[in-house]
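Q: Curious how this folds, go ahead:
(chains A and B)
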There are 2 protein chains.
Amino acid sequence: MRASRFLFATLRETPNDAEVISHQLMLRAGMIRKLASGLYTWLPMGVRVLNKVEAIVREEMNRAGSLEVLMPVTQPASLWEESGRYVQYGPELLRFKDRHMNDFVLGPTHEEVITDLARTELKSYKQLPANFYQVQTKFRDEIRPRFGVMRSREFIMKDAYSFHVNQESLQETYDIMYDAYCKIFTRLGLNFRPVQADTGSIGGSGSHEFHVLASSGEDDIAFSTESDYAANIEMAEAVLVGKRATPTQALTIVDTPNQKTIADVSAFLKSDPAQSVKALLVQGVVTEEGKTPVVALFLRGDHELNEIKAEKHPLIASPLTFATEEQITELGLTAGFIGPQGLTEKGLTVIIDRAASVLSDFVAGANEADKHATGVNWERDANFTEVYDLRNVVEGDPSPDGKGTLQIKRGIEVGHIFQLGQKYSEALGCKVLGEDGKPLVVTMGCYGIGVTRVVASAIEQNYDEKGIIWPSAIAPFEIAIVPMNAHKSPRTLEAAEALYEELQAAGYDVLLDDRNERPGVKFSDLELTGIPHRIVIGEKGLDAGTFEYKGRRDAESVNLSKEELLAKIVK
Amino acid sequence: MRASRFLFATLRETPNDAEVISHQLMLRAGMIRKLASGLYTWLPMGVRVLNKVEAIVREEMNRAGSLEVLMPVTQPASLWEESGRYVQYGPELLRFKDRHMNDFVLGPTHEEVITDLARTELKSYKQLPANFYQVQTKFRDEIRPRFGVMRSREFIMKDAYSFHVNQESLQETYDIMYDAYCKIFTRLGLNFRPVQADTGSIGGSGSHEFHVLASSGEDDIAFSTESDYAANIEMAEAVLVGKRATPTQALTIVDTPNQKTIADVSAFLKSDPAQSVKALLVQGVVTEEGKTPVVALFLRGDHELNEIKAEKHPLIASPLTFATEEQITELGLTAGFIGPQGLTEKGLTVIIDRAASVLSDFVAGANEADKHATGVNWERDANFTEVYDLRNVVEGDPSPDGKGTLQIKRGIEVGHIFQLGQKYSEALGCKVLGEDGKPLVVTMGCYGIGVTRVVASAIEQNYDEKGIIWPSAIAPFEIAIVPMNAHKSPRTLEAAEALYEELQAAGYDVLLDDRNERPGVKFSDLELTGIPHRIVIGEKGLDAGTFEYKGRRDAESVNLSKEELLAKIVK
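A: Predicted coordinates for the structure are as follows:
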């Protein structure tokens, strides 16, 4: 590509409304432009990257035996009613009526459509396992779209769906997809980790997320220092450590006027927050009599509640909802001063976190306004219903697999594979004839990659103060050739053209920067747009038979002979 | 691809609701499935074709210097209000509100979005000409979607838009796009014709349609027998032939009770319809006083009105609207018995077609119920305001370029290139700084290819009673290999596998039909799905060192040596 015929829409200034670095750099490098909130046009510089990501995804999906299909963006609402998600999905599902007043949605995902297809096309166990994917435009009406294409309303997904006679077959395809995803993200040149994940609203039994590690990530990932263990913090188990010591202190009520938070109380009493418990009163599951009981959760003062874990407890309502002030008052309690003493006696379910369960002589609310208790001890002073894993892991916690301790890093979710089980096949009646001649509800898996998001996450992981640093596999151009003073020196332009033709013929994606711009402007643009290899052709070099080469991560350029140059850029 | 791992969703029966052959065969060959009215899922067999079409379109667009972009499917209504099309476009434009109650549309085309992009990104004449394209999902809320993907609601378009400092530059890019389109449709293996076309509702000054010739086409195309002239019948000029003869008959009023149509009157009077004129009363353009005058059009009895030509007349309202019964009565006329005599004297504008203008001694209505006039002659008996080209050409008409006569064939429009002029750039204020330092409204072109429609039209042009006959370039597989009795004869399967590997390595798209099906079933499927080359491997051939080869258009198979076989399938 000749730069003079390309759209170099680079910006010198960082746009005001771009909060994260990938959004800033995608705007500045002329990759995207905002059309409306959460809607972006991809400019030529961006499309080149997007197409390379898509090509790698397609190659590996094909290689893994998944068959490409293409489903509509617009979907009839009736299918979503069948699955129960028309109501359940909430306002992110964009609903509209066509000219005949029939209800449709803009598809945020395609479980319903593919299951509808499968229930007519798949007739026998002999056709299974089957695995279909598409690379397609999706729409999710985010309440607050942000971070550019990282959380846009319209985006491109690779979504795949597999169909099986049983869990064992699903597990086989799931493992194949897991491997395919590892190959895809490796080929994309990303530093990523597959992590155990919660299955969220899609439901199902097993799930892994694929995270690109980047400090700007929205998710916390817990890793073992000594094994392959990795899990989203939503899922990472906090194992029980240590044993409860024998009480040494008597329970004492102390005045703590207006001291409601753990920080305040600890400072006031000069105690360690880790030596206290905090209470969280939440809604329990509605009883047969239609009552909503309150469940009391206790965690160590320095720990954080993990809502996803709590929601999984059979006695706790999901989504997790805190008790109302009214409910607390009815129980004769005051927020900020609640302790576990006497709560089971009031009929409450009291669930305590594993780490809180091994405390002794701890501080807790006194169940009386402006008072706390010190020297509290479980069983002696406070009964509980159950010990449960309720908290987020923290750095230094032991790894749940028994090997090493946990570190926590931030990640950007770019892929997600799920074992859906029979959630959709059951709801939509997707059955095949089994080997025994009887109808059999199929078992399903689904596998997503956020294609547009991959582009942004690659930048979040690869940039410096000058701009993007593309992994070669997805760079818009692999090599840039800059003839010095091209408009005055036909000799440098000729040499540049010759090298351009030669490298293109060798299969490289080359940009010849033949623009009538100062070298400084060209160099800034090439650094901002992240082109991995830069070759400058000047009079001196031509005399000496050398090329001035600079890799995008190099501090300085070097003069290389033709052979040395070719060795540098070899794929 | 191994057929055992592919989705062969072939159907033996022709589905009831498929009217055209491409729709029937796409369903039967397992290429598409209907999700809802006008919405189709592309199955693996279809996606393979679609991807090949897209790849050829992209290659030629890139080669022609167009830069790929990707615009959102969802577009803010505000841009359509700026261009005036939010109201003008009608109910095919699907309008909806997002969760914040902002108005959006599902894009049927992207003139507004690209012009909005251009007005911010293009700043100087130095950046022009610029040409951007995308391959993208579009939505048009057809009132009656039909013919499968030929007229679906959701479809894939390649749409391109170019920007220029003047008409001369537009013409240059337009010519480049014209050539690129010829290359694309040639590479796709289609029998097509570029034809002069009307610019329709998009507006602008020059336009060509690219039609795939097929008897099922919805458009009539007029071709010269002796030159390159080709035009949509909407546009094809009917040139004036001959001169009016001197009157020989006196005007005579005859009774024609209840004879209102040309056919009836001609039969009743035993006269030639070509020797009569028919009247069409239509609405004129509203006058300054707010009145809608009636305009009388007269055509030869055997000719058809061309509404598009009529609408272009400055005195005729567009869209063409016939006069109401009330208006006709007010003029003292009776439908079915209207002639040109005395109409200009009543103040009517009378426009007569060129062919009608050279008639003499003709039959016309007598402007009295149940009566016609014979021996009518222009000027002597009837005045007129103007002679104009009002009719559709018919076979045998002289070609407007003076070379040969016209033939008429049916075509399917698969591409359309337009010279938009300044319609959108003016409305949206898309200006650049000109060479003289002054702002300049850019001149635009736009260029579309209906990618999904290309697939259907290729079938309309290439099929027989057994199924599809794909042009090699877009066949889902180029070659099918069928091992005979593979499940009993490991020898044929081994030989088939070896040939499969060899041909794949040579770059062919090969299907190994390793399904556990009878040969008859496999042969039917391979013919139905239109795979160009079939190679059968059996015991006898292995003994003789030959392969049984059959091209999709061949009546019989032949036994070929390896060299002969490779020569047959060479690309």
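Q: chain center to stretch A:282-295: distance?
A: In terms of Cα atoms, centre = their mean, to the nearest Å, the centre of stretch A:282-295 is found 33 Å from the chain centre.
Q: Stretch A:310-320 too?
A: That offset, for stretch A:310-320, works out to 23 Å (Cα atoms, centre = their mean).
Q: likewise stretch A:63-80?
A: The mean C-alpha position of stretch A:63-80 is separated from the chain mean by 22 Å, Cα atoms, centre = their mean.
Q: Okay, buried residues for it please.
A: For stretch A:63-80, the neighbour count (16 or more other Cβ atoms under 10 Å in any protein chain shown) marks A:64-77, A:79-80 as buried. Every residue, glycine included, has its C-beta placed from N, CA and C.
Q: Next step: the residues you listed restricted to strands.
A: A:L67, A:E68, A:T74, A:Q75, A:P76 (DSSP state E).
Q: Considering only the residues you listed, which also neighbour chain B?
A: A:L67, A:E68, A:T74, A:Q75, A:P76 (Cβ under 8 Å from any Cβ of the partner chain).
Q: can you tell me which of the residues you listed lies nearest to B:T492?
A: Nearest to B:T492 among those, counting by Cβ to Cβ, is A:L67 at 25.9 Å.
Q: List the residues that contact the closest one.
A: A:A130, A:N131, A:F132, A:Y133, B:F6, B:L7, B:P44 (Cβ atoms under 8 Å, 6 or more residues apart in numbering or on different chains).
Q: From B:K522, how far out is A:V558?
A: Per Cβ to Cβ, to the nearest Å, A:V558 is found 61 Å from B:K522.
Q: So between these two, which is more surrounded?
A: B:K522 (22 against 14; other Cβ atoms under 10 Å in any protein chain shown).
Q: per-residue confidence at that one?
A: Confidence at B:K522, expressed as pLDDT, is 96.
Q: now A:T199
A: Taking A:T199 on its own, its pLDDT is 64.
Q: Spell out which residues make up each domain of chain A.
A: Listed by the TED database, the domain ranges of chain A are A:15-237+A:408-459, A:252-388, A:479-569.
Q: Single out the most deeply packed of these.
A: Stretch with highest mean neighbour count among these: domain A:15-237+A:408-459 (a mean of 20; mean count of other Cβ atoms under 10 Å in any protein chain shown).
Q: First-to-last residue distance for it?
A: Domain A:15-237+A:408-459 has its terminal residues 17 Å apart, counting by Cα to Cα, to the nearest Å.
Q: Tell me how far A:L566 lies from A:I535.
A: 11 Å.
Q: same deal with A:R146?
A: 38 Å.
Q: try A:V394
A: Relative to A:I535, and taking Cβ to Cβ, A:V394 is found at 49 Å.
Q: And A:T324, by the same measure?
A: 68 Å.
Q: try A:I352
A: Counting by Cβ to Cβ - A:I352 and A:I535 are separated by 65 Å.
Q: Same question for A:T256.
A: Distance from A:T256 to A:I535, by Cβ to Cβ: 70 Å.
Q: ok, now A:E81?
A: 59 Å.
Q: For chain B, what is the nearest residue in the stretch 451-571 of chain A?
A: A:N516 (8.4 Å; Cβ to the nearest Cβ).
Q: Surely that residue is in contact with A:H487?
A: Yes - using Cβ atoms under 8 Å, A:N516 is in contact with A:H487, at 5.7 Å.
Q: which residues does A:T443 form a beta bridge with?
A: A:H164 (DSSP bridges).
Q: What parts of the stretch 101-250 of chain A come near chain B?
A: Residues of the stretch 101-250 of chain A lying near chain B (Cβ under 8 Å from any Cβ): A:102, A:104, A:106, A:113, A:116-117, A:120-121, A:127, A:130, A:132, A:136-137, A:139, A:141, A:143, A:153-154.
Q: switch to 6 Å and redo it
A: Selection of the stretch 101-250 of chain A residues close to chain B by Cβ under 6 Å from any Cβ of the partner chain yields A:L117, A:E121, A:T137, A:D141, A:E154.
Q: Now for the last one: which residues touch it?
A: By that I understand A:E154. A:L39, A:F139, B:P72, B:T74 (Cβ atoms under 6 Å, 6 or more residues apart in numbering or on different chains).
Q: Hmm, A:S557 and A:T546 touching each other?
A: No - using Cβ atoms under 6 Å, A:T546 makes no contact with A:S557, being 10.9 Å away.
Q: Find residues that contact each of the two.
A: With Cβ under 6 Å, 6+ apart, A:T546 and A:S557 have no common neighbours.
Q: Chain neighbours aside, what residue packs nearest to the most centrally placed residue in chain A?
A: Nearest to the centroid of the C-alpha atoms of chain A, with distances taken as Cα atoms, centre = their mean, sits A:E413, at 1.9 Å. Nearest non-adjacent residue to A:E413, counting by Cβ to Cβ, 6 or more residues apart in numbering or on different chains: A:E209, 5.0 Å away.
Q: who touches A:K52 in this structure?
A: A:I474.
Q: what's the spacing between it and chain B?
A: 12 Å (Cβ to the nearest Cβ, to the nearest Å).
Q: for that residue, phi and psi?
A: A:K52 has phi and psi values of phi -70, psi -40 when expressed as degrees, to the nearest 10.
Q: ditto for A:L128
A: Torsion angles, degrees, to the nearest 10, at A:L128: phi -110, psi 150.
Q: ditto for A:E564
A: phi -60, psi -40.
Q: In space, what's closest to A:D525 - neighbours in sequence excluded?
A: A:T10 (5.0 Å).
Q: thought that neighbour was touching A:G30?
A: Yes - checked against Cβ under 6 Å, the pair A:T10 and A:G30 is within contact range at 5.0 Å.
Q: Could you tell me how far A:V441 is located from A:S425?
A: In terms of Cβ to Cβ, A:V441 sits 5 Å off from A:S425.
Q: can you check A:V570 too?
A: From A:V570 over to A:S425 (counting by Cβ to Cβ), the distance is 49 Å.
Q: can you give me the strands for the stretch 401-550 of chain A?
A: Counting by DSSP state E, counting those that start in this stretch, the stretch 401-550 of chain A has strands at residues A:406-421, A:431-433, A:439-441, A:443-450, A:463-464, A:467-468, A:479-483, A:510-512, A:533-537, A:547-551.
Q: In JSON lines, list the ones you listed along with mean pLDDT.
A: JSON lines is the format used below for the strands of the stretch 401-550 of chain A (pLDDT from 0 to 100):
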{"stretch": "strand A:406-421", "mean pLDDT": "95"}
{"stretch": "strand A:431-433", "mean pLDDT": "97"}
{"stretch": "strand A:439-441", "mean pLDDT": "97"}
{"stretch": "strand A:443-450", "mean pLDDT": "97"}
{"stretch": "strand A:463-464", "mean pLDDT": "97"}
{"stretch": "strand A:467-468", "mean pLDDT": "98"}
{"stretch": "strand A:479-483", "mean pLDDT": "97"}
{"stretch": "strand A:510-512", "mean pLDDT": "98"}
{"stretch": "strand A:533-537", "mean pLDDT": "97"}
{"stretch": "strand A:547-551", "mean pLDDT": "96"}
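Q: Minimum distance to B:S22: which of the ones you listed has it?
A: strand A:431-433 (30.2 Å).
Q: which strands and helices sit next to that closest one?
A: With contacts taken as 3 or more Cβ pairs under 6 Å, 6 or more residues apart in numbering or on different chains; DSSP states H and E, strand A:431-433 sits against strand A:439-441.
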